[in-house]
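Asks: Could you work out the structure for the sequence below:
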Amino acid sequence: AMLNRLHPPRPDWYEEFYASVMNSSMKSYEAEVAGYKSQLFDNLRGKAKKVLEIGIGTGPNLKYYAADTDVQVLGVDPNRKMEKYAQTAAVAAGLPLTNFKFLQAVGEAIPVSDASVDAVVGTLVLCSVKDVDMTLQGK
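Replies: You can find the predicted model right below:
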């Protein structure tokens, strides 16, 4: 119910178009911030075995988890069409699909238990959620 309220259903063609555009248009930005992200994600390596990433999108951050073979990543995004791109990104990064799960949900209502993950990651997501406070509270 929360998913539909905060991310009203859109036609499949629109969700696919948006996912495709995000997959191709963010490459230059990701290349520009790669060094910075590498430093940040290095802080998680070996410490966070279960990571929740809100706004996983097409999976540009999955490459930063792949070096840790024990990490489990739960990627949350309201657009179900992002899943295939995120799975492709996981495979390309060397992150086994058994270590990655995509969940269609919104940041304001993530269906995971409290204290069930070691780290929560969100890059480029807070500008797209409807309620930033609710997203940060994790309720």
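
Asks: drop to CA atoms for contacts and neighbour counts, all remaining ones
Replies: Fine.

Asks: what's the closest non-adjacent residue to P96?
Replies: A90 (6.8 Å; CA to CA, 6 or more residues apart in numbering).

Asks: hang on, the one you found in a strand?
Replies: No. If the criterion is DSSP: H, G, I helix; E, B strand; the rest coil, then A90 is helix and not within a strand.

Asks: thought it was touching K101?
Replies: No. Taking contacts as CA atoms under 8 Å, A90 lies outside contact range of K101: 10.1 Å.

Asks: which one of the two has more residues nearby?
Replies: Just comparing A90 and K101: by other CA atoms under 10 Å the higher neighbour count belongs to A90, 25 against 15.

Asks: From P60, how far off is the more buried one?
Replies: 9 Å (CA to CA, to the nearest Å).

Asks: now F41
Replies: From F41 to P60 the distance is 12 Å (CA to CA).

Asks: who has more neighbours, these two?
Replies: Set F41 next to P60 and count neighbours by other CA under 10 Å: P60 wins out with 19 against 14.

Asks: Distance of the residue nearest in space to the middle of the chain relative to E32?
Replies: In the chain, the residue lying closest to the centroid (CA atoms, centre = their mean) is I56, at 1.5 Å. Counting by CA to CA, the separation of I56 from E32 is 19 Å.

Asks: do M2 as well
Replies: Taken as CA to CA, the span from M2 to E32 is 35 Å.

Asks: mind listing the strands for this structure?
Replies: 50-54, 72-77, 100-104, 119-121 (DSSP state E).

Asks: Just say which of these is most tucked in.
Replies: strand 72-77 (a mean of 24; mean count of other CA atoms under 10 Å).

Asks: Quick one: neighbours of E30, just the number.
Replies: 14.
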